[in-house]
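1. output the structure for:
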Amino acid sequence: MPLRLVSGEPALFVEGDRGVLAISDLHLGYERALEAKGVHVPEQTKEMTRRVLALREVTGAKRLVILGDIKHDIVGSSFYTAISVGSFFREIGPSFEEVLVVPGNHDGGLSPLLPPSVRLSGPGGLALETSDGKVGFFHGHAHPSKAVSNAKVLVSGHHHLILGGQGGRQGIWVRVTFDPPGHERTLIVMPAFNTLLTGVPASEFNPDRWKPILSELLPGDYRAEAFLMNGSKLGSLTDLAGRLLVDND
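-> Okay, the predicted model is just below:
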């Protein structure tokens, strides 16, 4: 399957004539949640817009897929969030032939905020054809559709895992390989595109704890490996237990 991580960014590129750029967990409006706690940060919508457009230039992607949690407000949207969502999609829309959105658990009431040109799937996600088979995209909070579940490669967001240490924290990728040898399938769990998102300590972490969705996808043996943003392999999730932070808001 012609997939590759975009080095240094929490973005996945699926190669092909109509290449797909995938990102997840924007949490537009998160700045206001931080301000309510007395933490003031610069407005992030323009910066994330700039990053998406830069990724479009680097990859040449024709299609953009966003795997949920477009906004941070869980139910409804504040005026600030509505403005942020509208501005983001107006700016990026003309650069892609198609923009597709899978709703996440924070995306209640998202539909009225999206331009008519944006295609919004159901919570079960969507499956796209590539030259080597189907890729299934879903957020991770709801059961994936049958078409997504049956894809050779599945891509999820929602969990935005973080590696913490004395040098700070950074988002990490997880690749889970499951099913018998010769018939293996792959699940890729993406880091959050919004780099401000925080995490909570996880003293024990493995895909069995990603309930109820991922545990149902992984009924038998599997191999779960973690990677840095630059693609460097960290090792298995079991080896990293106690060093990971996870935020699945």
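2. report the helix or strand with the lowest average pLDDT across the protein.
-> None of the helices or strands of the chain scores lower by mean pLDDT, DSSP states H and E than strand 200-201, at a mean of 43.
3. CA atoms of the next helix or strand after it as CSV?
-> The helix or strand immediately downstream of strand 200-201 is helix 213-217, counting by DSSP states H and E. Presented in CSV, the C-alpha positions along helix 213-217 are these (Å, rounded to 0.1, in the frame of the first residue of the first chain):
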residue,chain,number,x,y,z
ILE,A,213,-13.6,0.2,19.2
LEU,A,214,-10.1,-1.0,18.7
SER,A,215,-10.4,-4.0,20.9
GLU,A,216,-13.1,-5.3,18.7
LEU,A,217,-10.9,-4.8,15.6
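4. avg pLDDT for helix 213-217?
-> Regarding helix 213-217, the rounded mean pLDDT is 74.
5. list the buried ones in it?
-> I213, L214, L217 (16 or more other CB atoms under 10 Å). Every residue, glycine included, has its C-beta placed from N, CA and C.
6. next helix or strand past that helix?
-> By DSSP H and E, the next helix or strand past helix 213-217 is strand 222-227.
7. need the next SSE after that next one, C-terminal direction.
-> For strand 222-227, the following helix or strand on the C-terminal side (DSSP H and E) is strand 233-236.
8. packing partners for that following strand?
-> With contacts taken as 3 or more CB pairs under 8 Å, 6 or more residues apart in numbering; DSSP states H and E, strand 233-236 sits against strand 222-227.
9. now do the strand it packs on, average pLDDT.
-> Strand 222-227 shows a mean pLDDT of 86.
10. buried residues, that strand. List them.
-> Using 16+ other CB under 10 Å as the test for burial, strand 222-227 gives Y222, A224, E225, A226, F227.
11. stretch 108-123 now?
-> For stretch 108-123, the neighbour count (16+ other CB under 10 Å) marks L110, L113, L114, V118, S121, P123 as buried.
12. quick check: mean pLDDT across that stretch?
-> Rounded mean pLDDT across stretch 108-123 is 95.
13. okay, how far is it across it, tip to tip?
-> Using CA to CA, to the nearest Å, the span of stretch 108-123 from its first residue to its last is 11 Å.
14. over to stretch 110-123?
-> Note: stretch 110-123 ends 12 Å apart using CA to CA.
15. so what touches it?
-> If you take CB atoms under 8 Å, 6 or more residues apart in numbering as the criterion, stretch 110-123 is touched by 70-71, 77, 82, 85-86, 89-90, 93, 98-103, 138-139, 141-142, 145.
16. got it, and stretch 137-150?
-> Here stretch 137-150 makes contact (CB under 8 Å, 6+ apart) with 22, 24, 65, 67-69, 100, 102-105, 122-128, 134, 136, 154-159, 189, 210, 213-214, 216-217, 248.
17. rerun that using 6 Å as the cut-off
-> With contacts defined as CB atoms under 6 Å, 6 or more residues apart in numbering, stretch 137-150 is touched by 65, 67-68, 102, 104-105, 123-127, 136, 155-158, 213.
18. now do stretch 128-135
-> Residues outside stretch 128-135 that contact it (CB under 6 Å, 6+ apart): M1, V14, G16, A127, A151, K152, V153.
19. dump these into TSV; add pLDDT as well.
-> Output for the contacts of stretch 128-135, formatted as TSV (pLDDT from 0 to 100):
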residue	pLDDT
M1	55
V14	93
G16	82
A127	96
A151	92
K152	89
V153	94
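20. can you list which of these are found in helices?
-> Nothing among these maps onto helices, per DSSP state H.
21. would TSV of those with neighbour count be doable?
-> TSV is the format used below for the contacts of stretch 128-135 (neighbours: other CB atoms under 10 Å):
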residue	neighbour count
M1	16
V14	25
G16	17
A127	21
A151	27
K152	16
V153	20
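22. picking that back up, narrow the buried residues of stretch 108-123 to those in strands?
-> Per DSSP state E, strands hold no members of these.
23. can you redo those residues as CSV with distance to L53?
-> Supplementary listing: the buried residues of stretch 108-123 in CSV, determined by distance: CB to CB, whole Å:
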residue, distance to L53
L110, 21
L113, 20
L114, 18
V118, 16
S121, 23
P123, 28
